[in-house]
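**Q** Need coordinates for the following:
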Amino acid sequence: MTATEKDLSLMKVHVFKTVDEYEAARSGGLIGGDDLVITPDTGAIDGEMSDTSTNTVQNRVIKAYVDSAIAAAIASLNE
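**A** Just a heads-up that it's a prediction; the model follows:
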């Protein structure tokens, strides 16, 4: 991992329904500097996993990671 990459398994993710909820959490010190924050103004979030997503929250990256993890788990069971 390079200095510019962040291990996603260590990243805290915060999803807020409103900007007011985000502001309250931020002012309360609940959000770290390296945390991923998703607010209503971030953009649309897909309702299901897709490998063609172009939304701000690129679920295609998450889908590829999950698919890879599942394939690895199945492969280890078949050994």
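**Q** residue ranges of the strands in this structure, please?
**A** 13-15, 36-38 (DSSP state E).
**Q** hey, which of the ones you listed is tucked in deepest?
**A** Mean neighbour count, computed with mean count of other C-beta atoms under 10 Å, is highest for strand 36-38 among these, reaching a mean of 15. Any C-beta I mention is one placed from the backbone N, CA and C, and that applies to glycine too.
**Q** rewinding a little: of all the strands of the chain, which lies closest to Y22?
**A** Using C-beta to C-beta as the measure, strand 36-38 is the one of these that comes nearest Y22, at 6.6 Å.
**Q** in its sheet, what does the closest one sit against?
**A** Partner strands for strand 36-38, per DSSP bridges, with pairing direction: strand 13-15 (parallel).
**Q** And for the strand it pairs with, what's in contact with it?
**A** Y22, A25, L30, I31, D35, L36, V37, I38 (C-beta atoms under 8 Å, 6 or more residues apart in numbering).
**Q** farthest-separated two in the residues you listed?
**A** Greatest spatial distance among the contacts of strand 13-15 (C-beta to C-beta): L30 and I38, at 14.3 Å.
**Q** Excluding chain neighbours, give the residue nearest to V19 in space.
**A** T39 (5.6 Å; C-beta to C-beta, 6 or more residues apart in numbering).
**Q** Wait, the one you found touches A24, no?
**A** No. Between T39 and A24 there is no contact under C-beta atoms under 8 Å: 11.9 Å.
**Q** the more surrounded of those two?
**A** T39 (16 against 12; other C-beta atoms under 10 Å).
**Q** Quick check: that one vs T18, distance?
**A** 8 Å (C-beta to C-beta, to the nearest Å).
**Q** What is the burial count for F16?
**A** F16, neighbours per other C-beta under 10 Å, totals 18.
**Q** about what we covered before: residues contacting the residue nearest to V19?
**A** Contacts of T39 were listed using C-beta under 8 Å, 6+ apart, and they are F16, T18, V19, Y22.
**Q** ok, the third one touching R26?
**A** No. Using C-beta under 8 Å, V19 is not in contact with R26, being 10.1 Å away.
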